[in-house]
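A.B. asks: Kindly generate the corresponding structure for this input.
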Amino acid sequence: MKRLLLLIFAIVSVNVCFAQATAKHKAMYICNFTKEIEWPASERNGDFVICIVNQNDLLNQVRTFTNGKMVGTSPISVVGVKSIDEISKCHILFLPFADSKADKLSTVIAKVGDSSSTLILSDRPGALKNGACINFFLVEDKLKYEINQKAIDGRKLHVSTNLINHAASAE
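C.D. replies: Model (predicted):
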């Protein structure tokens, strides 16, 4: 019985550590995206807002990485969002796969608008086909991202060639 409990504890601990490591890596990517993507001039006033839906680990990591940082002349503000209804003006919006209240990416796109300059990020299989701009995925325990250039262009965002060149394909 003790061995079984130890095994269960070990499995849970590894999963928690992996989730925290993944959150840290996603946060690093998100911070890097602020440097590698250019938003339209009309979107460069006030705070640069990053919204994270229902991911406290990621929210805390992004806050840590962006503390005191700026995008151009705009201070970065990181906002935790509990539901799609709470989404307001965001420059970057992360919608996690695990968020059961946000099963439809189309609902989020309708909320932010088809032509808004919101960079929509996800970690859902097939998210790019449903309108996400960038999607995270794992390959052999390494975090990668793929890009939907059509969605990015439709949101009037300009992505650096560096970001494009480092993108992978989930297929």
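A.B. asks: Mind listing the strands the helix or strand harbouring residue 145 pairs with, and their directions?
C.D. replies: Using DSSP states H and E, residue 145 maps to strand 142-147. Counting by DSSP bridges, the strands paired with strand 142-147 are strand 134-139 (antiparallel).
A.B. asks: can you pull the contacts of residue 78?
C.D. replies: 49-50, 52, 59, 62-63, 66 (CB atoms under 8 Å, 6 or more residues apart in numbering). Heads up, the C-betas are built off the backbone N, CA and C, glycines and all.
A.B. asks: could you redo these as TSV and give each row neighbour count and pLDDT?
C.D. replies: As requested, these are exported to TSV (neighbours: other CB atoms under 10 Å; pLDDT from 0 to 100):
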residue	neighbour count	pLDDT
49	18	96
50	26	97
52	28	94
59	21	95
62	27	97
63	17	96
66	20	95
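A.B. asks: Using CSV, list the CA coordinates for the strand holding residue 145.
C.D. replies: Provided in CSV are the C-alpha atoms of strand 142-147 (Å, rounded to 0.1, in the frame of the first residue of the first chain):
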residue,chain,number,x,y,z
LYS,A,142,9.6,20.3,-25.6
LEU,A,143,7.2,23.3,-26.1
LYS,A,144,6.9,24.4,-29.7
TYR,A,145,4.5,26.8,-31.5
GLU,A,146,2.9,27.0,-34.9
ILE,A,147,1.6,30.1,-36.7
